[in-house]
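1. Only the shape, not the letters, is given here:
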């Protein structure tokens, strides 16, 4: 009787291990999906993420419409950038980029849209860039934190419709 209980116990543990491994594998597979695997257009993906941002996070008051531009080539240094003067996010998308990384970039640039509400704040950004450099820039740190904090939730919201 003890032997049967022992066998059942370890068989249950093994089954739990197999199920968890398969589940973890599928999560990692989704997160490593490339832009080329999207079932929707890149433009639609960007629109979805920006709408998600506006729904789930503050929309800056007195800012006007946020626009975006997609460049289908790699930039030597940037994944994306935000122009506070024109309220435009510029993204550099190639098919080999991961969806989760593009979401991260969009969220990062959206945070800049939140941070730079006025022309004075845009000028402050460039002053601080000169004073602190990119890595230690307070707005860049906030944008990286915002993107890291929300990228997985945003990805989970859309992955079944996108992949």
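-> Right, received. Where do you want to start? If you're wondering where the values come from, they're calculated on a predicted model, not measured in any experiment.
2. Let me see the contact set for residue 99.
-> 33-35, 37-38, 45, 155, 159, 162-163 (Cβ atoms under 8 Å, 6 or more residues apart in numbering). From N, CA and C alone the C-beta is placed, and that goes for glycine too.
3. Phi, psi for it please.
-> Here is the backbone geometry of residue 99 (degrees, to the nearest 10): phi -60, psi -50.
4. Against residue 125, how distant is it?
-> 28 Å (Cβ to Cβ, to the nearest Å).
5. quick one: low-confidence ranges for the protein?
-> 1-2, 5-29, 59-64 (pLDDT under 70).
6. the strands in it, which residues?
-> Secondary structure of the chain (DSSP state E): strands at 67-71, 80-83, 88-92.
7. With respect to residue 113, which of these lies nearest?
-> strand 80-83 (6.0 Å; Cβ to Cβ).
8. Quick one: distance of the closest one to the chain centre.
-> Offset of strand 80-83 from its chain centre (Cα atoms, centre = their mean, to the nearest Å): 14 Å.
9. Check stretch 118-129 too.
-> How far stretch 118-129 lies from its chain's middle: 24 Å, per Cα atoms, centre = their mean.
10. sorry, back to before: now the buried members of the contacts of residue 99.
-> The neighbour count (16 or more other Cβ atoms under 10 Å) marks 33, 35, 38, 45, 155, 162 as buried among these.
11. my guess is residue 112 contacts residue 83, does it?
-> No. Assessed by Cβ atoms under 8 Å, residue 112 is found out of contact with residue 83, at 9.2 Å.
12. In terms of neighbours, single out the busier of these two.
-> More crowded of residue 112 and residue 83, by other Cβ atoms under 10 Å: residue 112, with 22 against 16.
13. how near is the more buried one to residue 37?
-> Residue 112 is 28 Å from residue 37, by Cβ to Cβ.
14. export the strands of the chain to JSON lines and tack on distance to residue 53?
-> Below are those laid out as JSON lines (distance: least, Cβ to Cβ, whole Å):
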{"stretch": "strand 67-71", "distance to residue 53": "11"}
{"stretch": "strand 80-83", "distance to residue 53": "12"}
{"stretch": "strand 88-92", "distance to residue 53": "10"}
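15. how near is residue 95 to residue 40?
-> For residue 95, the distance to residue 40 - Cβ to Cβ - is 14 Å.
16. Over to residue 146?
-> 24 Å.
17. Look at these two and report which has more neighbours.
-> Neighbours were counted for residue 146 and for residue 40 using other Cβ under 10 Å; residue 146 has more, 20 against 13.
18. Cool, thanks, talk later.
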